[in-house]
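> coordinates only, no sequence provided:
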């Protein structure tokens, strides 16, 4: 733990360094809750089914994040320490995909927002750093979490190493077995990673007893991480997607895009594609664009691109459901396939979640966002096509957005602007490509 020698009980890792921060790094997070035409349905207490109050969440989250979860202000200031860490890789580049345009023969101008430049190779540190920071300044010493493909676990492990915390991660068994390099990342940062379900928690043991050969799911891993945090007074739980404060932190992506598109001479994106699992990358890219539509009358269309193997938005029900299998979390109003749904062990491990962010679900329900389901073979074919034209191998999750964008680009008959959220690189996911090359 990065503590000072003079006073080992004082976490100085949260103090600003005073380093220069580029003016292009956002100073505030954007909150779509301020611009929604109708408020997002509240989270409910799992026992009383009444709207949650801050004390209900206090065992799991620091008060600053609880306040952000229910915030309605349009902009929330980003602390100096977080902006200093962001500046290690932010702003991430917006790149014109000119070679890809030529390869497919489209009249569209295609841009991609590349989050793979972060230290762990994905968009996840945008919220990991914020969550670790607020926990650290409140006195939390340990965070627990779940992870699918491992990008979130690696991101929180990195954030904890920078801000003086320890981290314990439960990784979905299918990804734990097939993607060991993510686990090695976590361990390099000083964290511990377990396959889920495990025999370390009551929830895990119950799942193993019922389904001893299960490949796991994010819902199962969440149950284990929540249980572990609830039993340790020095620990809190951190979630890498779904919740409102995560959507808030990820808004730096779309805010940068608005500035970068203008600098490129574009009035707006006509359509934006982003992959959708729990909703964080999708919201980060599109919420600032949707907010601009609502406030200024722009007409950018946003499309959520989810796997056909886990189609919560396109085939799920919009209702209250638990965020985890064991029913330990609050009830969330979201598009869901049901908390007991266990998706196939698809390669895009970060998209294997039964539900969807309440804010994203609300946007879809209000008609502010569309959704499509992408078959795995189509996603990887598009990822390979992108890599051979642009040089970047997309993360398996990101290939879903690429596939939808390329299919659309091939239908374009007049010039327009297509925006792709490239949520991460696939350098540590190359075994997933092996069947397709």
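Nice, thanks for sending it over. Only a predicted model underlies this, so the values are computations on that prediction, with no experimental measurement involved.
> show me where the stretch 251-400 of the chain has its helices.
252-263, 280-296, 312-315, 358-365, 376-390, 398-409 (DSSP state H, counting those that start in this stretch).
> quick one, which of the ones you listed is packed in tightest?
Highest mean neighbour count of those: helix 398-409, a mean of 28 (counted as mean count of other Cβ atoms under 10 Å). C-beta coordinates here come from the backbone N, C-alpha and C atoms, glycine included.
> quick one: strands adjacent to the helix or strand following it?
Past helix 398-409, heading to the C-terminal end, the next element that is a helix or strand (DSSP states H and E) is strand 417-422. Partners of strand 417-422 in the sheet, by DSSP bridges, are strand 109-114 (parallel), strand 271-275 (parallel).
> which SSE is immediately downstream of strand 417-422?
Proceeding N to C from strand 417-422, the next assigned helix or strand is helix 430-433, under DSSP H and E.
> averaged pLDDT, that following helix. What do you get?
What helix 430-433 shows for mean pLDDT is 86.
> then stretch 355-364?
pLDDT averaged over stretch 355-364 gives 97.
> contacts for that stretch?
Residues outside stretch 355-364 that contact it (Cβ atoms under 8 Å, 6 or more residues apart in numbering) are 32-33, 36, 38, 40-41, 43, 241-244, 246-247, 276, 278-280, 282-283, 287, 290, 302, 304, 312-313, 316, 318, 321, 323, 332-337, 339, 369-371.
> do that again at 7 Å, thanks
32, 36, 40-41, 241-242, 244, 247, 276, 278-279, 282-283, 290, 304, 312-313, 318, 321, 323, 332-336, 369, 371 (Cβ atoms under 7 Å, 6 or more residues apart in numbering).
> among the residues you listed, which are in strands?
304, 318, 321, 332-336, 371 (DSSP state E).
> who wins for most neighbours among those?
residue 304 (32 neighbours; other Cβ atoms under 10 Å).
> my read: that one touches residue 312, true?
No: between residue 304 and residue 312 there is no contact under Cβ atoms under 7 Å: 9.6 Å.
> before we move on, back to that, so which of the strands paired with strand 417-422 is the most packed in?
strand 271-275 comes out most buried of the strands paired with strand 417-422 by mean count of other Cβ under 10 Å, with a mean of 30.
> which helix or strand lies directly C-terminal to whichever strand or helix holds residue 193?
Residue 193 belongs to strand 192-196 when assigned by DSSP H and E. Note on strand 192-196: by DSSP H and E, the next helix or strand toward the C-terminus is helix 202-210.
> tell me what angle whichever helix or strand comes after that next one forms with strand 192-196.
Next helix or strand after helix 202-210 toward the C-terminus (DSSP H and E): helix 218-230. Helix 218-230 and strand 192-196 are oriented at 130 degrees to each other (axes from the mean of the first three to the mean of the last three Cα atoms, to 10 degrees).
> now do helix 218-230: which elements does it pack against?
Secondary-structure packing of helix 218-230 (3 or more Cβ pairs under 7 Å, 6 or more residues apart in numbering; DSSP states H and E): strand 142-147, strand 166-172, strand 192-196, helix 202-210, strand 235-237.
> as TSV, those with mean neighbour count, mean pLDDT and distance to residue 127 would be great.
As requested, the helices and strands packed on helix 218-230 are exported to TSV (neighbours: other Cβ atoms under 10 Å; pLDDT from 0 to 100; distance: least, Cβ to Cβ, whole Å):
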stretch	mean neighbour count	mean pLDDT	distance to residue 127
strand 142-147	27	96	11
strand 166-172	27	96	14
strand 192-196	22	96	19
helix 202-210	17	94	24
strand 235-237	24	95	13
